[in-house]
Every structure is written in C-alpha cells, then in structure tokens.
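# any chance you can model this:
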Amino acid sequence: MTFDFTGDALVIYGVLATTGGKMSVEIDGNPQPDMVSASTVLRWQQPFVYKGLTSGTHTVVLTNTSATTTQPVYIDAIQVYDGVLPLTPGYYQDIDPNLTYTGAPVWTVDPIAGTSAG
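Sure thing, here's the model as predicted:
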C-alpha cells in the first residue's frame, strides 16, 4: 500500500491479534519501526505513531512482511497531524514538547530533575 499525506506526523491504527503479522513502514524512503500486530489478546484501534517529520508532503509505503499469508496486518484507520500531537495515555515530563504552558503567572521549567521527582 502506498499513499501520500501532508503533515508532520502520522498515526496508523491497527488490530493486534493472535494471527497478526508484521508490516514494514517507509516514509519518504526511510525505514520506520515495523507495525507488529501479533498479540496473545485481541485489541482494536492500536496506534502506531510516526512523528518527527518536517511539515510537508510525504510518501508512505506499507509492505506486509509476515512469514506466511495466514498472518495478515489489519489497518483500522490512518490519522494525519500537522502540529502538536494530542496526548495519549502515558507519562509526560514537564519538558515534553507536546506540553504548552500559557497564562499567568509565568511558567518556568526547572532544569534540576529532582525537583519534579523525574
């Protein structure tokens, strides 16, 4: 599967399944982490995130590299971003680039990791 998109990040939502396989991902000819959809538990809408791209038009090539034809890779949806990605479940430090500080008083980021227990 090949497609173009305009933005700076891409999220491919897939299904994890016991029969799941593996898909290679290339963006603009550069290899990205594989989509591995093998799992002991069935899970829908699992995000595979590809970020850190320059804003602009990109070409994506997805290739099923599973060992057999009985190991499909399921794609539920594709989401494109241009700007900051929304936060997803996880842990974020105060210096994460996805966090924006606004309002008064003025926010400061303390460079000493111990002050935030991080």
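# residues contacting E26?
32, 60-61, 63 (Cβ atoms under 8 Å, 6 or more residues apart in numbering). The C-beta positions use only the backbone N, C-alpha and C, and glycine is treated the same way.
# just the buried ones among the residues you listed, please.
32, 60 (16 or more other Cβ atoms under 10 Å).
# filter the contacts of E26 down to the ones in strands?
32, 60-61, 63 (DSSP state E).
# was I right about L62 contacting V25?
Yes - the pair L62 / V25 is scored as a contact, 5.9 Å apart, by Cβ atoms under 8 Å.
# show me the shaky parts of this protein.
In the predicted model, the chain carries pLDDT under 70 at residues 94-95, 97-98, 103-118.
# for the spatially most central residue of it, give the beta-bridge partners.
Centroid-nearest residue in the chain, with Cα atoms, centre = their mean: V49, separated by 0.6 Å. Beta-bridge pairing for V49 (DSSP bridges): V11.
# am I right that it is in contact with G14?
No - with contact defined as Cβ under 8 Å, V49 does not reach G14; the gap is 11.5 Å.
# still on that earlier bit, got TSV for the ones in strands among the contacts of E26, with distance to T2 too?
Below are those laid out as TSV (distance: Cβ to Cβ, whole Å):
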residue	distance to T2
Q32	14
V60	7
V61	5
T63	9
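# overlap in contacts, L62 and V25.
Common neighbours of L62 and V25 (Cβ under 8 Å, 6+ apart) are 12, 35.
# first-to-last residue distance for stretch 18-32?
End-to-end distance of stretch 18-32 (Cα to Cα, to the nearest Å): 23 Å.
# make residue 1 into 43 and carry on from there
All right, first residue 43 from here; so that's stretch 60-74.
# how far does that stretch sit from its chain's centre?
Centre-to-centre, stretch 60-74 and its host chain are 12 Å apart (Cα atoms, centre = their mean, to the nearest Å).
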